[in-house]
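Asks: pasting a predicted model and its sequence here:
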Amino acid sequence: MTLAREMFRDVPIAAASGIVVLSWRSREDGLALRVRGQNEELRLVCTCGRSHWVVREYFADGAASLVVTCHSCGTRGAFTLEGVSLPAP
């Protein structure tokens, strides 16, 4: 039995400005994002062509952000996280 791979659309980081992330997960083939207004998962692609990111969730001033750094070239990006609550101390 062959399992079908989940499909998602590649989005260059340069075109991802302003997106609001609902959830994220690390996959073997890159960082998958569920984004407000999209029905399918998106895979974030760096300017260097890679899709592997160092990911941090950052909480400040009552807001949550997803901060990403390309594992290959160091390109950085930050996105608003929606529906995420501050972790318990």
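Replies: Cool, the structure landed.
Asks: can you tell me the element Ser72 falls in?
Replies: For Ser72, there is no host helix or strand (DSSP states H and E).
Asks: tell me the centre residue of this protein?
Replies: Centroid-nearest residue in the chain, with CA atoms, centre = their mean: Leu33, separated by 4.4 Å.
Asks: which ones are touching that residue?
Replies: Going by CB atoms under 8 Å, 6 or more residues apart in numbering, Leu33 touches 11, 19, 21, 23-24, 41-44, 79. C-beta here means a position set from N, CA and C on the backbone, and glycine is covered the same way.
Asks: try 6 Å
Replies: Contact analysis of Leu33 by CB atoms under 6 Å, 6 or more residues apart in numbering lists 21, 24, 42.
Asks: can you tell me the SS state at Glu40?
Replies: Using DSSP: H, G, I helix; E, B strand; the rest coil, the secondary structure recorded for Glu40 is coil.
Asks: quick one: low-confidence ranges for the protein?
Replies: Scanning the chain for pLDDT under 70 picks out 1-7, 85-89.
Asks: what about the helices in it?
Replies: Assigned by DSSP state H, the chain shows no helices.
Asks: where along it do the strands fall?
Replies: In the chain, the strands defined using DSSP state E lie at 9-12, 20-27, 30-35, 42-45, 53-60, 63-70, 76-81.
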